[in-house]
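*Asks:* Give me coordinates for this.
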Amino acid sequence: MRGGGLWQLGQSITRRLAQADKKAVARRCFASEAELKKTALYDFHITHGGKMVPFAGWSMPIQYKDSIMDSTVNCRENGSLFDVSHMCGLSLKGKDCIPFLEKLVIADVAGLAPGTGTLTVFTNEKGGAIDDSVITKVKDDHLYLVVNAGCRDKDLAHIEEHMKAYKSKGGDVSWHIHDERSLLALQGPLAAPVLQHLTKDDLSKLYFGEFRILEINGSTCFLTRTGYTGEDGFEISVPSEKAVDLAKAILEKSEGKVRLTGLGARDSLRLEAGLCLYGNDMEQHITPVEAGLTWAIGKRRRSEGGFLGAEVILKQLGDGPSIRRVGFFSSGPPARSHSEVQDDKANKIGEITSGGFSPCLKKNIAMGYVKSGSHKAGAKVKIVVRGKSYDGVVTKMPFVPTKYYKPS
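*Replies:* Numbers count the residues shown, from 1 in each chain. Purely as a prediction, here's the structure:
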């Protein structure tokens, strides 16, 4: 990028994260620095040059000493370590925890094998997305979930409200919110070889989407082979008092190749991987079908329904949605959230929800929603940025091929 490109990339990512965060803070004033929550690694971030910003009520690093561009590329070439302790991990337990959760999400939770998980969506009565979440069936009577930081309060209130009603009818389900644990995400091609130095368990037998409780660096951790970058990697739930020791050990074992990485590069990486940011690309009025997450609706759930908004969603599965989430390449300045998408006659056909300059592809990428019929890959469009229209083309996602570790 020429001139102020790196600065512009940082600013655009900051705006995009702030846009997603706005909904979370709409019900309260912006917190002062003193009111912001801090993760167990806060001092560790400061020591390592972390530039801290407010995010979902937390003080989080947006970047470190290297640029967002360099951090993004390093994750794909070597590896990144992210502090994602602002996200909320929780366990549901009891013999009825699966049928209870299936009332709230689109996944076939009962169909998961123990030790496996999936991406899912919490839906409302209109079929819209309350939040997306990764859920894991630890055992038939224990589920582990991670929900977004910006949605924590509304998600927990939603789950609690329905749990009270469910238990009042005799259902056996309880929960525990894992505020005593921190969450680290280790991503990139060096993630597995580096982490293998810190555990006796054979990580080559743990595949994408699988979960295990095991000892890592002397601490009992919840390990999920997943992430938000499109790369192979892990999310590690570790007792908070051991989080800094684990972060230090990971960086040491990588011999400097795995770097601490902030929210800025995390956003670039997930956009390149074609993954949604809740609050931008998914909201309360967007259904999983419109968001391109039809694959996450379990086959049994499609025939049986039984989750909030099922009537709307199953009708969309049959008739097709009126709008669809798609990817774009574009010329000119990078498209931003709310940039208008037009057809060749300057009619509005959609809107950008996330966009920016791809550090790995060295070109503009974006995602957004267009009217059905205008969603086919290769369709030429105009994208309006700051009042001026530029050429764009609809493209399939992910923009950068994913490298998830799956059985060959």
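*Asks:* chain center to stretch 363-371: distance?
*Replies:* Counting by Cα atoms, centre = their mean, to the nearest Å, stretch 363-371 is centred 18 Å from the centre of its parent chain.
*Asks:* Can you show me the CA trace of that stretch as PDB?
*Replies:* Taking Å, rounded to 0.1, in the frame of the first residue of the first chain, the C-alpha atoms of stretch 363-371 are listed here in PDB:
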ATOM      1  CA  LYS A 363      -6.000  -6.100  -2.800                       C
ATOM      2  CA  ASN A 364      -9.300  -4.900  -1.600                       C
ATOM      3  CA  ILE A 365     -11.700  -7.500  -0.200                       C
ATOM      4  CA  ALA A 366     -15.200  -7.100   1.400                       C
ATOM      5  CA  MET A 367     -18.300  -9.000   2.300                       C
ATOM      6  CA  GLY A 368     -21.900  -7.900   2.500                       C
ATOM      7  CA  TYR A 369     -25.400  -8.700   1.400                       C
ATOM      8  CA  VAL A 370     -27.100  -8.500  -2.000                       C
ATOM      9  CA  LYS A 371     -30.500  -9.300  -3.300                       C
END
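*Asks:* List the buried residues for it?
*Replies:* By neighbour count, and taking 16 or more other Cβ atoms under 10 Å as the criterion, the buried residues in stretch 363-371 are Asn364, Ile365, Ala366, Met367, Gly368, Tyr369, Val370, Lys371. Yep, even glycine has a C-beta here, placed from its N, CA and C like the rest.
*Asks:* Return the closest of those residues with respect to Leu275.
*Replies:* The shortest gap between Leu275 and any of these belongs to Met367, at 9.2 Å (Cβ to Cβ).
*Asks:* Which strand residues bridge that closest one?
*Replies:* Met367 has these beta-bridge partners by DSSP bridges: Gly327, Ser354.
*Asks:* which ones are touching it?
*Replies:* By Cβ atoms under 8 Å, 6 or more residues apart in numbering, the contact set of Met367 is Leu271, Gly274, Asp281, Arg325, Val326, Gly327, Phe328, Ile352, Thr353, Ser354, Gly355, Met397.
*Asks:* most neighbours, which of these?
*Replies:* Ranked by neighbour count under the definition other Cβ atoms under 10 Å, the contacts of Met367 are headed by Leu271 with 30 neighbours.
*Asks:* Any chance you could list what contacts the helix or strand where that one lies?
*Replies:* Under DSSP states H and E, the secondary-structure element containing Leu271 is helix 263-272. If you take Cβ under 8 Å, 6+ apart as the criterion, helix 263-272 is touched by 9-10, 13-14, 16-17, 53, 55, 60-63, 68, 71-72, 75-76, 80, 82, 187, 228-231, 277, 354-356, 358-361, 365, 367, 398-400.
*Asks:* how about a cut-off of 7 Å?
*Replies:* The set of residues that contact helix 263-272 without belonging to it, under Cβ atoms under 7 Å, 6 or more residues apart in numbering, is 10, 13, 16-17, 55, 60-63, 68, 71-72, 75, 80, 82, 228-230, 277, 354, 356, 358-360, 365, 398-400.
*Asks:* In stretch 173-188, which residues are buried?
*Replies:* Within stretch 173-188, the residues that qualify as buried are Val173, Trp175, His178, Arg181, Ser182, Leu183, Leu184, Ala185, Leu186, Gln187, Gly188, counting by 16+ other Cβ under 10 Å.
*Asks:* Spit out the contact partners of the fourth one.
*Replies:* For Arg181, the contacting residues are Gly89, Ser237, Val238, Pro239, Ser240, by Cβ under 7 Å, 6+ apart.
*Asks:* follow-up on the earlier one: just the buried ones from the contacts of helix 263-272?
*Replies:* The neighbour-count test (16+ other Cβ under 10 Å) applied to the contacts of helix 263-272 identifies 10, 13, 16-17, 55, 60-63, 68, 71-72, 75, 80, 82, 228-230, 277, 354, 356, 358-360, 365, 399-400 as buried.
*Asks:* So which of the contacts of helix 263-272 are in strands?
*Replies:* Phe55, Met60, Pro61, Ile62, Gln63, Ser80, Phe82, Ser354, Gly356, Ser358, Ile365 (DSSP state E).
*Asks:* Could you export these as a markdown table, including distance to Glu290?
*Replies:* Output for the ones in strands among the contacts of helix 263-272, formatted as a markdown table (distance: Cβ to Cβ, whole Å):
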| residue | distance to Glu290 |
| --- | --- |
| Phe55 | 26 |
| Met60 | 29 |
| Pro61 | 33 |
| Ile62 | 30 |
| Gln63 | 32 |
| Ser80 | 31 |
| Phe82 | 29 |
| Ser354 | 15 |
| Gly356 | 22 |
| Ser358 | 24 |
| Ile365 | 20 |
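*Asks:* My reading is that Asp43 lies in a helix. Confirm?
*Replies:* Yes - according to DSSP: H, G, I helix; E, B strand; the rest coil, the state of Asp43 is that of a helix.
*Asks:* Spell out the secondary structure type for Leu317.
*Replies:* Assigned with three-state DSSP, Leu317 falls in the helix class.
*Asks:* Settle this for me: it is touching Pro288, isn't it.
*Replies:* No - taking contacts as Cβ atoms under 7 Å, Leu317 lies outside contact range of Pro288: 9.7 Å.
*Asks:* tell me which residues in stretch 72-90 are buried?
*Replies:* For stretch 72-90, the buried set under the neighbour-count rule, 16+ other Cβ under 10 Å, comprises 72-76, 78-90.
*Asks:* List the ones among the residues you listed that fall in helices.
*Replies:* When DSSP state H is applied, those are split such that Thr72, Val73, Asn74, Cys75, Arg76 fall in helices.
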